[in-house]
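Visitor: no sequence for this one, just the structure:
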C-alpha cells in the first residue's frame, strides 16, 4: 500500500512541477523561447514517463 501512496505523491509532484514550469515558460515568452521552455518540455516528458509507468 505504501508504494501506491508514494507513486501517487511522486506523480502529483511531477504534474505540479510541469504545470508551474509551463506557466513560467508562457509568462516569460517575449521574443522567443527561453530556458523555461526547455525546462517545461523536460518536466512534461518526465510527467508523461511517470504517468505511463503507473
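Guide: Received the coordinates, thanks. All values derive from a computational prediction rather than experimental measurement. Numbering: from 1, shown residues only.
Visitor: Quickly find the element holding residue 24.
Guide: Assigned by DSSP states H and E, residue 24 belongs to helix 2-27.
Visitor: Where does pLDDT dip in this protein?
Guide: Low-confidence segments of the chain (pLDDT under 70): 1-2, 54.
Visitor: mind redoing it with 80?
Guide: Residue ranges of the chain with pLDDT under 80: 1-5, 31-34, 53-54.
Visitor: what's the nearest residue to the spatially most central residue of it if we skip its chain neighbours?
Guide: Of all residues in the chain, the one closest to the mean position by CA atoms, centre = their mean is residue 18, 2.1 Å from it. If the residues on either side of it in the chain are set aside, residue 18 comes closest to residue 43, at 4.0 Å by CB to CB, 6 or more residues apart in numbering. Using the backbone N, CA and C atoms, a C-beta is placed for each residue, glycine as well.
Visitor: ok, that neighbour - contacts?
Guide: 14, 17, 18, 21, 22 (CB atoms under 8 Å, 6 or more residues apart in numbering).
Visitor: Go again with 7 Å.
Guide: By CB atoms under 7 Å, 6 or more residues apart in numbering, the contact set of residue 43 is 17, 18, 21.
Visitor: Distance from the helix or strand harbouring it to the middle of the chain?
Guide: For residue 43, the enclosing helix or strand under DSSP H and E is helix 35-53. Taking the mean of its C-alpha atoms, helix 35-53 sits 5 Å from the chain's own mean (CA atoms, centre = their mean, to the nearest Å).
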